[in-house]
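Undergrad: Okay, predicted coordinates and the sequence, questions at the end:
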Amino acid sequence: MHKRLLRLTSLLLAISSCALCQEASAQNAPPQDVTKETEGGIPVTDRLTIAKCGGCHQADSHGNLTRISWIRTTPEGWQEAIKRMVQLNGLQLGPNDARQIVRYLSEEHGLAPEESQPVRWFLEMTQPQTEAIPTPAIRRACASCHAFAKPQSWRRSAAEWNLLKNMHIGYFPLSQFVAFSAHGEHAADPNAPKPKEPVEEALAYLSKTYGLYSSSWSNWRAQMTDPDLSGRWLITATLPGKGKYFGAMTVARVSPGEFTTQATLTSIQDGSKVELPGKSFLYTGYEWRGSAKAEPYGNVRQVMTLSADQAGLQGRWFWGAYQEFGFEVTAQRENRDITILGTDATALRAGAKNVQVTLYGSRLPADLKADEIRLGANVTVTKLFSVNPTMAKLAVDVNEKVIPGKRSISVRGHTVPDAFSVYDKIEYIRITADTALAHTGGAVGKKGYVQYEAHAFSNGLDNLPNTADDVDLGPVTVKWSVEEFISHNNDNDKEFVGFIDSNGLFTPAGDGPNPQRRLQADNIGDIWVVAKYAGKDTATPDPLETKSYLVVGVPDFLRFDQPEVGSK
């Protein structure tokens, strides 16, 4: 038995020694280079891109340029990369050459429509109320400093995602400590295995979810064309605080992917017109980027998406120091058929009689009859006052038993869906922005405004508020005010941060310091924006009220223009 113990002890020692040797060998082995490219790249074939970029980005035998061939992104992403090369690496590049390179890279190294769809708000400069962050690690590593939509709008090889981490550490050293590392926060047990840092978890997710190749991109690249958008486009638009607009845009082709435009929008609120002459470019076969001049707005940037059938455009035309003002735009090619754009009526109430409604469209027939205009069950056109090719004025009755919901308009079989709503009573109102950010300005930086709107809602068939079947009845006229958001003793932000007018436009105060505030503080803070609706069509005798949280901060000192993507 003693000999058996000796043999067992010797065996255990041998196993332990082998394990220790393997561990030591693993520790002494050179670390794997996760930034070394192992995936097939996308060759660069454009002569101008090779001439301007090939000096630093070396070509291999397959025509791949280092870094560039393992990345795909939006036109704005390529513009940002080119601008970084100009500012930091001494690249000599004029706007025309830069735009040509952006167009080439957007076509050969771009995103498919399905890939760009989740980040449309980011491209159109529309701040979402909440951004879906897939994991806590990504919230820490990425969204601590910028929107998750920023990395979400790129596609990279695994090596390129790791190089992006290195770039952040090089350009922004604090990111390693502020965002990338957990600083031992999850190490309650010092003997427990060390978990991955947030940046490593984020990189694993990004590499898996947003890799260089995808079926969406393969399918789109195979069918991508250079469409000719010349012709007349019919436009439906809304401008917060101003309401609906209808109009048209004439597009003329200058060269492949380049167009001149002339748009005219007419307000249904007061009949005023907005003229927008401009230029535009089409990237990746569907990404419309344009610039137009409009009084009194100045330069208006256009970011839209071309539909798969090349018959529709949808997006936003915006302006302002923080792109806070803008039209939500839908455009469709004019054809030889009747086209219905919509009406001036946002919502019609049950039991309403002889309501005057204007119908907008194109090629409306001169012999149109009242019974040929269909507005859905229990909504009847009782009289047609006048009709011309773009407009019809009519009277409408709404039955008391009408079911609340969205309604379509149909004229001789030509239909526009969800053109207006019907309802029996207004159950609640909601400010379109649950939270918002304004910026002081005037001396150091420009002011950042907030244009508010309040929409009315009907509860829908379940008669419960804030459920999926609630009916949005559109904007209503409300009384605007501000209240203090109390976060500490002697909180008096509402006296200094700015004011809101009767139309819902919040104007921030000037940048500070302000000698009238305690310790000469800046005119920043947080408040409630309050809307009250006292219409006669509410479910209760008391006015309906809702609030929105507003933060007024300092000017944004880090700004980027985009001349290579736009059309200056």
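TA: That came in fine, so what should we check first?

Undergrad: pull the longest strand from the protein.
TA: Counting by DSSP state E, the longest strand found in the chain is strand 243-255.

Undergrad: can you give me the end-to-end distance of stretch 53-60?
TA: One end of stretch 53-60 sits 14 Å from the other (Cα to Cα, to the nearest Å).

Undergrad: What are the buried residues along that stretch?
TA: Residues of stretch 53-60 classed as buried: C53, H57, A59 (neighbour count, 16 or more other Cβ atoms under 10 Å). Where C-beta positions appear, they are placed from N, C-alpha and C, glycine not excepted.

Undergrad: of these, closest to S362?
TA: The closest of the buried residues of stretch 53-60 to S362 turns out to be C53 (Cβ to Cβ; 46.0 Å).

Undergrad: Which members of the buried residues of stretch 53-60 are positioned in helices?
TA: Among these, DSSP state H puts C53 in helices.

Undergrad: which one of the buried residues of stretch 53-60 sits closest to T380?
TA: C53 (64.8 Å).

Undergrad: which residues does the closest one contact?
TA: Counting by Cβ atoms under 8 Å, 6 or more residues apart in numbering, C53 makes contact with V44, L65, I68, M85, L91, I101.

Undergrad: Spit out the contact partners of the second one.
TA: It stands for L65. By Cβ under 8 Å, 6+ apart, the contact list for L65 reads V44, T49, I50, C53, G54, H57, Q58, A59.

Undergrad: What residue, apart from its backbone neighbours, is nearest the second one spatially?
TA: Using Cβ to Cβ, 6 or more residues apart in numbering and skipping residues adjacent in sequence, the residue nearest T49 is I101, 5.1 Å away.

Undergrad: Strand partners (parallel or antiparallel) of the helix or strand in which A237 is found?
TA: Take DSSP states H and E as the rule and A237 turns out to sit in strand 231-239. With DSSP bridges as the test, strand 231-239 is paired with strand 243-255 (antiparallel), strand 325-333 (antiparallel).

Undergrad: For the helix or strand following the last one, give me every contacting residue.
TA: When you say that, I think you mean strand 325-333. As assigned by DSSP H and E, the chain's next helix or strand after strand 325-333 is strand 339-343. Outside strand 339-343, the residues within contact range by Cβ under 8 Å, 6+ apart are 234, 236, 244, 246, 332, 357-363, 409-411, 414-416, 419-420.

Undergrad: contacting residues around the residue nearest the centre of the chain?
TA: Centroid-nearest residue in the chain, with Cα atoms, centre = their mean: W121, separated by 0.6 Å. Residues counted as contacts of W121 (Cβ under 8 Å, 6+ apart) are Q127, P128, A149.

Undergrad: which one of the residues you listed is nearest G460?
TA: Using Cβ to Cβ, those come closest to G460 at P128, 24.0 Å.

Undergrad: so which strand or helix has the closest one?
TA: Assigned by DSSP H and E, P128 belongs to neither a helix nor a strand.

Undergrad: what about the residue lying closest to it once chain neighbours are set aside, which SS state?
TA: Leaving aside its sequence neighbours, P128 sits nearest to W121 (Cβ to Cβ, 6+ apart; 5.1 Å). Assigned with DSSP: H, G, I helix; E, B strand; the rest coil, W121 falls in the helix class.

Undergrad: And the strands in the stretch 351-500 of the chain?
TA: Applying DSSP state E, counting those that start in this stretch to the stretch 351-500 of the chain gives strands spanning 355-362, 373-374, 379-388, 391-398, 405-411, 414-423, 428-431, 435-439, 450-451, 454-458, 471-475, 479-484, 498-500.

Undergrad: looking at the ones you listed, which is buried most?
TA: Comparing the strands of the stretch 351-500 of the chain by mean neighbour count (mean count of other Cβ atoms under 10 Å), strand 454-458 ranks first with a mean of 24.

Undergrad: and that strand, what other elements does it pack with?
TA: strand 428-431, strand 471-475, strand 525-533 (3 or more Cβ pairs under 8 Å, 6 or more residues apart in numbering; DSSP states H and E).

Undergrad: out of those, which comes closest to N388?
TA: strand 471-475 (25.6 Å).

Undergrad: between that closest one and strand 414-423, how many degrees?
TA: Angle, strand 471-475 to strand 414-423, by axes from the mean of the first three to the mean of the last three Cα atoms, to 10 degrees: 90 degrees.

Undergrad: For strand 471-475, which outside residues touch it?
TA: Strand 471-475 is contacted from outside by 240, 243, 346-347, 404-406, 421, 423, 426, 453-460, using Cβ under 8 Å, 6+ apart.

Undergrad: Can you give the strand pairings for it, parallel or anti for each?
TA: strand 454-458 (antiparallel).

Undergrad: quick one, the strand it pairs with and strand 479-484 angle?
TA: Using the same axes, to 10 degrees: strand 454-458 against strand 479-484 is 110 degrees.

Undergrad: Specify the angle between strand 454-458 and strand 525-533 in degrees.
TA: 50 degrees.

Undergrad: Next, the angle strand 405-411 makes with strand 454-458.
TA: Using the same axes, to 10 degrees: strand 454-458 against strand 405-411 is 100 degrees.

Undergrad: mind saving the C-alpha coords of strand 454-458 as CSV?
TA: What follows is strand 454-458, C-alpha atoms only, in CSV (Å, rounded to 0.1, in the frame of the first residue of the first chain):
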residue,chain,number,x,y,z
ALA,A,454,-48.8,68.8,-27.8
HIS,A,455,-50.9,66.0,-29.4
ALA,A,456,-54.3,64.9,-28.3
PHE,A,457,-55.2,61.2,-27.9
SER,A,458,-58.3,59.1,-27.7
